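# Turn this into a model:
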Amino acid sequence: MWVSVVIPALNEEEPIGEVVREVIATGIPREVVVVDNGSTDLTAECARNAGARVISAQRGYGRACAAGVAAVSDECDVLVFLDGDGSDVPRFIPALVEPIINGTHDFVIGSRTRGKREPGSMNAQQVFAGHLAGLLIRAFYGVRYTDMSPFRAIRRDSFQTLGMREETYGWNLEMQMKAARTGLRILEVPVDHRRRRGGESKVSGTLRGTFVASFRILTTFLKIAFGK
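So this is what the prediction gives:
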């Protein structure tokens, strides 16, 4: 199967090169697409020099992910998403894609809360939010998640049935909710998690970022749970 890795990145010039090299070193992906989400530093150049194909997208996490999906090869069978800040551990890519390649699952998400976390890699609010979202999704759809990790893999044809619309921080939750609602075969696997390797967090790094992300995630949940 053809595996494509999509990495949204915003001002990640310090870690992005090593992230791309770690992804390539797994021997799994046929292509790595880094989506420069409006960076003002050398993110794009560093990613390109490390071996990624680089495209640009408007600001917004969901917009970046969607642009990456639109840019992958027509031959792509499996999509893998991870962040460009070095916190996700690419050596777990095989654990995410093998259940899909083997035909037992359609959507596999890496759970940071069930894996080994480097001290300081996640704050208490992130851990709580992941468990709370999981409990609510279980109440609505009968599927239990323990995290809203960006590190995930999904069959491309399954992804295309979800009708993803979120343009910002609600993207990950939207995918998890719609995957549960549509009856995809879902698996959650433990993955390790590290402190970011450079740059500043756009979500947990500032009070404003945390508030904006929390608002978007809550809005996403209500819209999908009680809308379409």
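
# Leaving out the residues flanking it, which one is nearest to the residue sitting nearest the centre point of the chain?
Centroid-nearest residue in the chain: residue 150, 2.5 Å away (criterion: Cα atoms, centre = their mean). Leaving out its chain neighbours, the residue that sits closest to residue 150 by Cβ to Cβ, 6 or more residues apart in numbering is residue 83, at 5.0 Å. C-beta: built from backbone N, CA, C; applies to glycine.

# Report the contact partners of that neighbour.
Contact analysis of residue 83 by Cβ atoms under 8 Å, 6 or more residues apart in numbering lists 7-9, 150-151.

# Pop out the phi and psi values for it.
When quoted as degrees, to the nearest 10, the phi and psi of residue 83 stand at phi -80, psi 160.

# Now do it against residue 25, distance only.
To residue 25, residue 83 is 17 Å away according to Cβ to Cβ, to the nearest Å.

# Next: residue 69.
For residue 69, the distance to residue 25 (Cβ to Cβ) stands at 23 Å.

# More neighbours: these two, which one.
Legend: neighbour count by other Cβ atoms under 10 Å for residue 69 and residue 25, higher for residue 69 (20 against 11).

# quick check, distance from the helix or strand where that one lies to the centre of its chain.
Under the criterion of DSSP states H and E, residue 69 resides in helix 61-71. On the basis of Cα atoms, centre = their mean, to the nearest Å, helix 61-71 sits 11 Å off its chain's mean C-alpha point.

# Which parts of it count as buried, going by neighbours?
By neighbour count with 16 or more other Cβ atoms under 10 Å, helix 61-71 contains the buried residues 61-69, 71.

# Likewise for stretch 177-193?
For stretch 177-193, the neighbour count (16+ other Cβ under 10 Å) marks 177-180, 184, 186-193 as buried.

# Columns distance to residue 1 on top of those, output as CSV?
CSV is the format used below for the buried residues of stretch 177-193 (distance: Cβ to Cβ, whole Å):
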residue, distance to residue 1
177, 26
178, 22
179, 19
180, 24
184, 17
186, 19
187, 16
188, 21
189, 18
190, 23
191, 20
192, 24
193, 26
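
# before we move on, the earlier item: what does the helix holding residue 69 contact?
Residues from elsewhere that reach helix 61-71 (Cβ under 8 Å, 6+ apart): 6-10, 33, 35, 37, 53, 55-57, 79, 81, 159, 164, 166-171, 174, 202.

# tell me the mean pLDDT for it?
Mean pLDDT, helix 61-71: 97.

# Check which element follows that helix along the chain.
Following helix 61-71 toward the C-terminus (DSSP H and E): strand 78-81.

# re the thing from before, from the contacts of residue 83, pick the one nearest residue 137.
Closest approach between the contacts of residue 83 and residue 137, by Cβ to Cβ: residue 150, at 16.6 Å.

# coming back round to it: tell me which two of the buried residues of stretch 177-193 sit farthest apart.
Going by Cβ to Cβ, the pair spanning those furthest: 178 and 192, at 26.9 Å.

# what residues are up against residue 118?
Contacts of residue 118 by Cβ under 8 Å, 6+ apart are 192-195.

# Make JSON lines from those and add distance to residue 222 to it.
JSON lines is the format used below for those (distance: Cβ to Cβ, whole Å):
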{"residue": "192", "distance to residue 222": "32"}
{"residue": "193", "distance to residue 222": "28"}
{"residue": "194", "distance to residue 222": "32"}
{"residue": "195", "distance to residue 222": "32"}
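
# Just flag the most distant two among the buried residues of helix 61-71.
61 and 71 (15.9 Å).

# need the helix or strand of the protein with the lowest average pLDDT.
Here the helix or strand of the chain ranked lowest by mean pLDDT, DSSP states H and E is helix 207-226, holding a mean of 71.
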